[in-house]
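**Student:** task: produce atomic coordinates for the following.
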Amino acid sequence: MVNSKLSNSKSNWRWWICSLLFVATMVNYMDRQVLSLTWKDFIAPEFGWKDGDYGLITGFFSLSYAFISLFAGKFIDWMGTRRGYLIAIFVWSLGACLHAACGWGAIHTASALVLSVGTVSVWFFLACRFVLALGEAGNFPAAIKVTAEYFPKKDRALATSIFNAGASIGALAAPATIPWLARAFGWEMAFIIIGALGFVWMGFWATMYDRPEKSRHVNAAELEYIRQDDKDSTPNPLPSEESITEREATSSPQEGKEEGGSIPYWHCFRYRQTWSFIAGKFFTDGVWWFFLFWAPAYFSDQYGYRSDSHQAVMLIFVLYLIVTVLSIGGGYLPKFFVEKRGMEPYAGRMRAMFLFALFPLTALLAQPLGTLSAWFPAIIIGLAGAGHQSWSANLYSTIGDMFPRSTVATITGIGTMAGGIASFIINWGSGHFFDYCQAQGSQFSFLSFEGKEAGYMIVFCICAVSYLIAWLVMKTLVPKYKKIEV
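**Tutor:** Purely as a prediction, here's the structure:
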């Protein structure tokens with residue numbers, strides 16, 4: 001173990017850890033997507049759901065996710081990334097699998113209580129979405145905390161963009177697998193099979209992860225690279241065999257203990273940096289979740305493509321392929337500004353985020369060009385989604401730039417709560433709004449569109465400008481880099 005750490009060539013274990021974060025995020029998003037890819041064509045006909053019912057379920061998930069996220073980050077900071085991540089993915093995988101029992105439970109409960117099966121089924125799905133949210137709220141606080149542990153500041157946006165691309169890959173794999181599973185084995189088995197992936201991931205995490213100071217796979221050269229930012233305040237030469245042995249012998253068994261002082265939970269709200277992150281999440285997370293939850297229904301409503309049809313699968317696949325390919329570069333742009341232009345990390349990150357905030361403006365054209373072909377909104381939503389993922393990767397990295405590592409997960413959880421509230425508003429609101437627009441028909445119009453088409457156009461307009469608003473608020477709150485010292 002000591003000899004491994006003293007190797008002259010730098011090990012690259014941090015990228016293996018990043019790959020685990022990538023897979024966890026991919027599974028996270030696939031679990032979310034099972035419902036959006038099965039409700040319109042498999043579940044709704046069975047229970048008689050309307051858009052409002054689906055909007056209520058997705059909105060409740062977002063609201064639950066928001067509330068739990070307020071404490072999930074603190075839980076991860078307290079429990080530590082190793083155990084905290086294991087608990088989080090166990091809970092959300094269990095919640096994902098439990099969806100399969102909703103149909104059976106609704107039928108028997110409705111029969112016993114003489115109630116509508118449709119109404120009871122909604123309540124069963126609400127309960128399962130709560131369990132799913134309970135676990136999934138821990139994913140990003142844990143992942144961001146791991147990147148702060150394993151990567152220096154200049155590489156965190158790149159690492160975050162890579163693991164955050166798991167969301168795109170998950171959304172990419174979902175339409176290619178979930179509708180097929182639902183058609184071949186029933187929608188219940190789709191929830192069980194996808195949900196079980198999380199239990200497999202737990203085995204890899206338990207055997208591969210440890211903090212870099214304690215990991216037998218991280219040598220001294222890599223550890224020095226990871227901790228290069230610490231040298232700015234306290235010079236720290238390459239560890240010797242004696243110092244490594246002493247550090248390992250005296251390191252605290254409490255995994256949650258971190259370098260740097262800890263900020264009391266409610267004191268976090270005293271800092272403009274916290275509110276800047278909250279604003280960045282509140283104005284933008286709902287946009288991504290709207291596209292994630294409603295894209296399959298959009299192509300079904302507007303073009304009549306069932307989620308298990310070849311055309312619908314290809315549209316969703318291409319949409320998220322664009323998101324995946326383009327968003328990977330989101331981590332390189334701030335790195336370019338820092339290393340090639342000599343900008344400090346926060347300034348480079350904010351410049352990159354401004355450019356990414358321009359991508360969602362293309363959503364203004366999704367509905368108008370959609371009158372020509374369904375491929376236009378698929379491509380445009382893909383561009384907007386790529387902008388979001390690149391934005392999100394850099395937004396998360398601002399936490400590690402300005403807060404001590406001991407508080408990274410807490411701030412992530414607070415911001416995720418804000419994003420969850422916004423997601424509740426847009427998903428719950430959209431469901432009822434679309435029902436209203438459909439009921440009004442030609443009596444409701446906007447920019448030459450009528451009925452539900454007009455409703456989609458209005459929501460697309462809101463999504464398009466949200467990122468520029470978020471950037472302006474963030475820049476106003478924190479115009480220049482200022483690290484919080486505790």
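**Student:** okay, CA-based contacts and neighbour counts for the rest of this
**Tutor:** OK.
**Student:** next one, pLDDT for His388 please.
**Tutor:** His388 carries a pLDDT value of 91.
**Student:** ditto for Phe269
**Tutor:** So, for Phe269, pLDDT stands at 91.
**Student:** surely it and Trp275 touch.
**Tutor:** Yes: at 7.0 Å, Phe269 counts as touching Trp275 under the criterion of C-alpha atoms under 8 Å.
**Student:** neighbour count: these two, which is higher?
**Tutor:** Trp275 (21 against 14; other C-alpha atoms under 10 Å).
**Student:** host element of the more buried one?
**Tutor:** Using DSSP states H and E, Trp275 falls within helix 272-282.
**Student:** past that helix, which element shows up next along the chain?
**Tutor:** helix 285-303.
**Student:** against which helices or strands is that next one packed?
**Tutor:** If contacts are counted by 3 or more C-alpha pairs under 8 Å, 6 or more residues apart in numbering; DSSP states H and E, helix 285-303 sits against helix 13-38, helix 310-328, helix 375-402, helix 408-440, helix 451-477.
**Student:** kindly recompute the last result at 6 Å.
**Tutor:** helix 408-440 (3 or more C-alpha pairs under 6 Å, 6 or more residues apart in numbering; DSSP states H and E).
**Student:** pull the residues that contact the helix holding Trp275.
**Tutor:** 415, 418-419, 422, 470, 474, 477 (C-alpha atoms under 6 Å, 6 or more residues apart in numbering).
**Student:** which residue packs closest to Gly441, ignoring adjacent ones?
**Tutor:** Among residues not flanking Gly441 along the chain, Gly451 sits closest, at 4.2 Å (C-alpha to C-alpha, 6 or more residues apart in numbering).
**Student:** who's in contact with that neighbour?
**Tutor:** 437-438, 441-442, 444.
**Student:** neighbour-wise, which of these leads?
**Tutor:** Cys437 (20 neighbours).
**Student:** report pLDDT for that residue.
**Tutor:** On the pLDDT scale, Cys437 gets 93.
**Student:** my read: it touches Ala454, true?
**Tutor:** No: proximity of Cys437 to Ala454 does not meet the contact threshold set by C-alpha atoms under 6 Å, at 7.4 Å.
**Student:** number of residues surrounding the nearest residue to Leu364 once chain neighbours are set aside?
**Tutor:** Counting by C-alpha to C-alpha, 6+ apart, Cys461 is the residue found nearest to Leu364 once chain neighbours are left out, at 5.5 Å. Here the number of neighbours of Cys461 (other C-alpha under 10 Å) works out to 18.
**Student:** what separation do you get for Cys461 and Ile381?
**Tutor:** Distance of Cys461 to Ile381, given as C-alpha to C-alpha, to the nearest Å: 12 Å.
**Student:** wasn't Pro175 part of a helix?
**Tutor:** Yes: Pro175: assigned to a helix according to DSSP: H, G, I helix; E, B strand; the rest coil.
**Student:** just to check, it is in contact with Met314?
**Tutor:** No: applying C-alpha under 6 Å as the test, Pro175 and Met314 come out as separate, 8.2 Å apart.
**Student:** neighbour count winner among the two?
**Tutor:** When Pro175 is set against Met314 and neighbours are counted by other C-alpha under 10 Å, the residue ahead is Pro175, at 28 against 16.
**Student:** residue contacts, that one?
**Tutor:** Val313.
**Student:** mind checking how far it is from Arg32?
**Tutor:** 12 Å.
**Student:** do Ile426 as well
**Tutor:** Ile426 is 16 Å from Arg32, by C-alpha to C-alpha.
**Student:** neighbour count: the two, which is higher?
**Tutor:** The neighbour comparison of Ile426 against Arg32 (other C-alpha under 10 Å) goes to Arg32, with 27 against 24.
**Student:** hang on, the earlier thing: touching both of Pro175 and Met314, which residues are there?
**Tutor:** Contacts common to Pro175 and Met314, judged by C-alpha under 6 Å, 6+ apart, are absent.
**Student:** that's a helix at Arg306, yeah?
**Tutor:** No: the assignment for Arg306 (three-state DSSP) gives coil, which keeps it out of a helix.
**Student:** report the contact partners of it.
**Tutor:** Ser300.
**Student:** so where's the protein uncertain?
**Tutor:** 1-8, 110-115, 231-261, 328-331, 486 (pLDDT under 70).
**Student:** the nearest residue to Tyr481 once chain neighbours are set aside: neighbour count?
**Tutor:** Of all residues not flanking Tyr481 in the chain, Tyr346 sits nearest, at 5.7 Å (C-alpha to C-alpha, 6+ apart). Look at Tyr346: counted by other C-alpha under 10 Å, it has 23 neighbours.
**Student:** what's the helix or strand for Tyr346?
**Tutor:** Assigned by DSSP H and E, Tyr346 falls in helix 345-358.
**Student:** next helix or strand past that helix?
**Tutor:** helix 366-370.
**Student:** quick one: that following helix to chain centroid distance?
**Tutor:** Relative to its chain's centre, helix 366-370 lies at 27 Å (C-alpha atoms, centre = their mean, to the nearest Å).
**Student:** elements contacting that helix?
**Tutor:** Using 3+ C-alpha pairs under 6 Å, 6+ apart: helix 366-370 touches helix 375-402.
**Student:** returning to what we had before: what's the angle between the helix holding Tyr346 and helix 310-328?
**Tutor:** 150 degrees (axes from the mean of the first three to the mean of the last three C-alpha atoms, to 10 degrees).
**Student:** in what helix or strand does Ile57 lie?
**Tutor:** helix 51-79.
**Student:** contacts for the next helix or strand after that helix next, please.
**Tutor:** Once the chain leaves helix 51-79, the next helix or strand it forms, by DSSP H and E, is helix 81-98. With contacts defined as C-alpha under 6 Å, 6+ apart, helix 81-98 is touched by 76, 128, 131-132, 135-136, 138, 142, 191-192, 195, 198.
**Student:** fine by me, we can end here.
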